[in-house]
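Student: quick check, what structure comes out for this input:
(2 chains)
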Amino acid sequence: MEVDKGKGEAEETRKVAEADRDTVTLKSSDGKLFEVSKEAAARLSTVLAGMIAGGSIDDNGTDLKQIGSEALENVVDYCNKHANSIPSAALISSSISFNTAPFKEPEEWERKFVDRLSHDALFDLVEAANFLGMERLLDVTCHKISEMMKGKSPDQIREVFNIKNDYTKEELEEIRQELAWAFYDD
Amino acid sequence: MPAATGRRPPRRHSRSATVVDAGAKGKGILRAEAREEKGQGQDHISDLPNDVLGDIVSRLPTKDGARTQVLSSRWHHIWRSAPLNLDLRFHRIPLSWIPCVLSSHRGPARCFSTPECQWYCEELSYSAATLDGLQEFDFGYDIPYGEWGDPPPLPASALRFSCTLRVARLWLCRFPDGIGINVRLPVLEELQLSHCSISESSLHALLDGCHALQKLWLTYNDGCSRVRIASATLRSIDVGRGLGEFNLQQVIIEDSPCLERLHHDRPVALGQPKKMMDIKVISAPKLGILGDICDSFPRFEIGATVFKGLHVSTKAMVVHSVKVLSLSNTRLSLTLVLNFMKCFPAFIWIFQTLLFIGKKNVWDDKYCNLINTRDICLKKLVLTNYSGNESHVNFVKFFVLNVKALETIRLVCQFTDARKDWIERQRSLLQF
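Tutor: Predicted structure coming up:
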């Protein structure tokens, strides 16, 4: 492969400059640019970490064509908040108390972060987190969704999430009988 | 990074970048378009990938999780294919139904958590194939407070899960002597022992068997007065002294290169032990979060620096790694804190349980000479139990006026009726 020497050097210089920056620029599907802390991005997203390590971060905005600007804004907001979050809460209250549920509980700011999202934005964020391999953000968003389902009847869940029941009456009855233990108090 | 990498056209050679491109016309966009057409009322949740749906379902209480099967055909197999969450502590299921649960979900199980009796654990659940591959195990006996001093033994069959466990939380049970010997917990990341009875040799044997441990809680246990911790993987340790006769009195942290957080827990509702424990940190170069340091610590050592209570007894070095430090004290004085700060130039300080009995914390310029205030790189200050008395005001004002690096101060009041005029008055007193 022929490589134009001059161009190669220029790219190398740019690469050094890029390595020195402590932010990376991400570009949403609709072309909007967002800056995010490089350290937080690499720590929180396996995909971004891979891109940073592999040198495939574009200084003019790395294309993330799967993610819309609203979701990407939330992703970036989350990363930056994470980078600046003060672990004081972790210090004071993270010690698992005697009665903690077995999953990693979101921290207070993470809870607030997902609570303010609209229904649509929440699901866009879950998909973005899944796509970018952001385990912690996926944890936080899935936790929120499970909270929305907890203690609700199937009918209530269908209503909240607009799920269309496509079972026949007979099919439904069969499943309910198999799961009698789960419906014993209905 | 070799020079050749720099010449690569961006994005073409990176595996992750390829993923991005391949997904360019993915569902996210399509869905956004669909939403524009139909407006509200879209079923977003059923569009999520199977493993994400499985993650959501296995966070639900067992019964709620199983019931998701009736939502629609999309959901029919989700619960069965996701790990079973058998958390019976908060959402109890009648014992007679448990065999049905275990037969309708063939496993593996993510979480098994129970307060129930020994019969339940030994005869039934432990033998079920569903529990193979268990990742989270949460077990403790539901016994009255009067019997906490002598809890029943951990069933030996619990060791069956040792190879696959990632999280183990054990409370109110007794480790029969020698139980930890030869146990290997190759993937265990989190271990919590609370209100357990365990001997020093069993505890050390148990810790020796953990090769991936990142978080450790040893709180309010009995039977072991001293623990030595040396781990290449541990990142966070919580310790708390119990109330029993042989409670934990000394914690020695030896070579722990990854340790980031060390937290000392004080028992809250169970009464205060007369003495805190001795803590000695020999080598933890990454230790960034440290607390609660109390005035009742008989001895706290970090490296060659020794504290007795909050008094610096031997100052041999400055601990630069610590970025967040939390202090609990009833009679916190400015002099004490400034002396302390010379050892820990932490960015964030948190003061808890401030009462300031009998000290006014009056200061003048000589205080500024005590410590070169320009050297304090404190960025954030948090005070809980702030009541706005003279002592508190003087304390906070010192930092407001003398520490240039300070960015935020958070004052937490105990009373709820803080009126606007009170807040305004505090602002002016503190010269905000």
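Student: list the buried ones in stretch A:52-65?
Tutor: A:52, A:54-58, A:61-65 (16 or more other CB atoms under 10 Å in any protein chain shown). For glycine as for every other residue, the C-beta is placed from the backbone atoms N, C-alpha and C.
Student: average pLDDT for it?
Tutor: The pLDDT scores in stretch A:52-65 average 84.
Student: starting at the chain centroid, how far to that stretch?
Tutor: 18 Å (CA atoms, centre = their mean, to the nearest Å).
Student: and for stretch B:206-214?
Tutor: 17 Å.
Student: and what of stretch A:22-35?
Tutor: Averaged over its C-alpha atoms, stretch A:22-35 has a centre that lies 16 Å from its chain's centre (CA atoms, centre = their mean).
Student: picking up where we left off before, now the buried residues of stretch A:52-65 as JSON lines including secondary structure?
Tutor: Below are the buried residues of stretch A:52-65 laid out as JSON lines (DSSP: H, G, I helix; E, B strand; the rest coil):
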{"residue": "A:I52", "secondary structure": "helix"}
{"residue": "A:G54", "secondary structure": "coil"}
{"residue": "A:G55", "secondary structure": "coil"}
{"residue": "A:S56", "secondary structure": "coil"}
{"residue": "A:I57", "secondary structure": "coil"}
{"residue": "A:D58", "secondary structure": "coil"}
{"residue": "A:G61", "secondary structure": "coil"}
{"residue": "A:T62", "secondary structure": "strand"}
{"residue": "A:D63", "secondary structure": "strand"}
{"residue": "A:L64", "secondary structure": "coil"}
{"residue": "A:K65", "secondary structure": "coil"}
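Student: am I right that B:R427 sits in a strand?
Tutor: No - under three-state DSSP, B:R427 sits outside any strand and is assigned helix.
Student: if I look at it, how far off is chain A?
Tutor: Distance of B:R427 to chain A, given as CB to the nearest CB, to the nearest Å: 22 Å.
Student: chain A contacts on the stretch 101-250 of chain B?
Tutor: Contacts of the stretch 101-250 of chain B with chain A, taken as CB under 8 Å from any CB of the partner chain, map to B:101, B:104, B:111, B:113, B:136, B:138, B:167, B:169, B:171, B:192, B:194-195, B:217, B:219, B:238, B:240.
Student: nope, the stretch 251-400 of chain B is what I meant
Tutor: Counting by CB under 8 Å from any CB, the stretch 251-400 of chain B sits next to chain A at B:261, B:263, B:265, B:289, B:291, B:324, B:326, B:348, B:350, B:352, B:380, B:382.
Student: of these, which one scores lowest on pLDDT?
Tutor: Lowest pLDDT among these: B:Q352, 67.
Student: filter the residues of the stretch 101-250 of chain B next to chain A down to just the ones in strands.
Tutor: B:111, B:113, B:136, B:138, B:167, B:169, B:171, B:192, B:194, B:217, B:219, B:238, B:240 (DSSP state E).
Student: who's in contact with the first one?
Tutor: When the contact criterion is CB atoms under 8 Å, 6 or more residues apart in numbering or on different chains, the partners of B:C111 are A:102-103, B:58, B:83-87, B:134-138.
Student: try 10 Å this time
Tutor: By CB atoms under 10 Å, 6 or more residues apart in numbering or on different chains, B:C111 lies in contact with A:101-103, B:58-59, B:62, B:83-87, B:134-138, B:167, B:169.
Student: same question for B:P285.
Tutor: B:P285 neighbours (CB under 10 Å, 6+ apart): B:255-259, B:303, B:320-321.
Student: rerun at 7 Å
Tutor: Counting by CB atoms under 7 Å, 6 or more residues apart in numbering or on different chains, B:P285 touches B:257, B:321.
Student: what of the one 3 residues further on?
Tutor: B:G288 is in contact with B:260, B:321-324, counting by CB under 7 Å, 6+ apart.
Student: adding neighbour count, write those out as CSV.
Tutor: Converted to CSV, the contacts of B:G288 look like this (neighbours: other CB atoms under 10 Å in any protein chain shown):
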residue, neighbour count
B:E260, 20
B:S321, 17
B:V322, 21
B:K323, 19
B:V324, 22
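Student: ok, of these, which one's closest to chain A?
Tutor: Proximity of these to chain A (CB to the nearest CB) peaks at B:V324, which lies at 5.7 Å.
Student: please, where are all the helices along the stretch 201-350 of chain B?
Tutor: With helices called from DSSP state H, counting those that start in this stretch, the stretch 201-350 of chain B shows them at B:334-343.
Student: can you name the residue of it nearest to chain A?
Tutor: Of all residues in the stretch 201-350 of chain B, B:D238 sits closest to chain A, at 4.6 Å by CB to the nearest CB.
Student: what is the neighbour count of B:Y145?
Tutor: Counted with other CB atoms under 10 Å in any protein chain shown, the neighbours of B:Y145 add up to 7.
Student: quick one: the strands in chain A, in order.
Tutor: Remark: strands assigned in chain A by DSSP E are A:23-27, A:33-37, A:62-63.
Student: A:R136: which of the residues of the stretch 101-250 of chain B next to chain A is nearest?
Tutor: B:V167 (16.0 Å; CB to CB).
Student: report the separation between the most centrally placed residue in chain A and chain B.
Tutor: What sits nearest the mean C-alpha location of chain A, by CA atoms, centre = their mean, is A:A129, with 2.6 Å. Counting by CB to the nearest CB, the gap from A:A129 to chain B is 9 Å.
Student: ignoring the adjacent residues along the chain, who's closest to that residue?
Tutor: A:L137 (4.0 Å; CB to CB, 6 or more residues apart in numbering or on different chains).
Student: who touches stretch A:73-85?
Tutor: A:26, A:34, A:36-37, A:39-41, A:44, A:109, A:113, A:121, A:125, A:128, A:132, A:137.
Student: next: stretch A:126-137.
Tutor: A:44-48, A:66-67, A:71-72, A:75, A:78, A:138, A:141-142, B:23, B:28, B:48-49, B:52.
Student: contacting residues for residue 148?
Tutor: The chain I'm using is chain A. A:M148 neighbours (CB under 7 Å, 6+ apart): A:V160.
Student: oops, chain B please
Tutor: By CB under 7 Å, 6+ apart, the contact list for B:W148 reads B:172, B:195.
Student: pLDDT weak spots in the stretch 101-250 of chain B?
Tutor: Along the stretch 101-250 of chain B, segments meeting pLDDT under 70 span B:107, B:114-130, B:180.
Student: same thing but 80
Tutor: Along the stretch 101-250 of chain B, segments meeting pLDDT under 80 span B:102-103, B:106-133, B:141-143, B:155-159, B:178-182, B:242-246.
Student: coming back round to it: widest-spaced pair of the contacts of stretch A:73-85?
Tutor: A:E39 and A:A121 (25.5 Å).
Student: what is the most widely separated pair among the residues of the stretch 251-400 of chain B next to chain A?
Tutor: Farthest apart among those by CB to CB are B:D265 and B:K380. That separation is 22.6 Å.
Student: quick one: contacts for the nearest residue to B:E407 once chain neighbours are set aside?
Tutor: Among residues not flanking B:E407 along the chain, B:K379 sits closest, at 4.8 Å (CB to CB, 6+ apart). B:K379 is in contact with B:347-348, B:405-407, counting by CB under 7 Å, 6+ apart.
Student: helices of chain A, residue ranges please.
Tutor: A:5-20, A:38-44, A:46-53, A:69-84, A:88-93, A:108-115, A:119-131, A:135-149, A:154-161, A:169-178 (DSSP state H).
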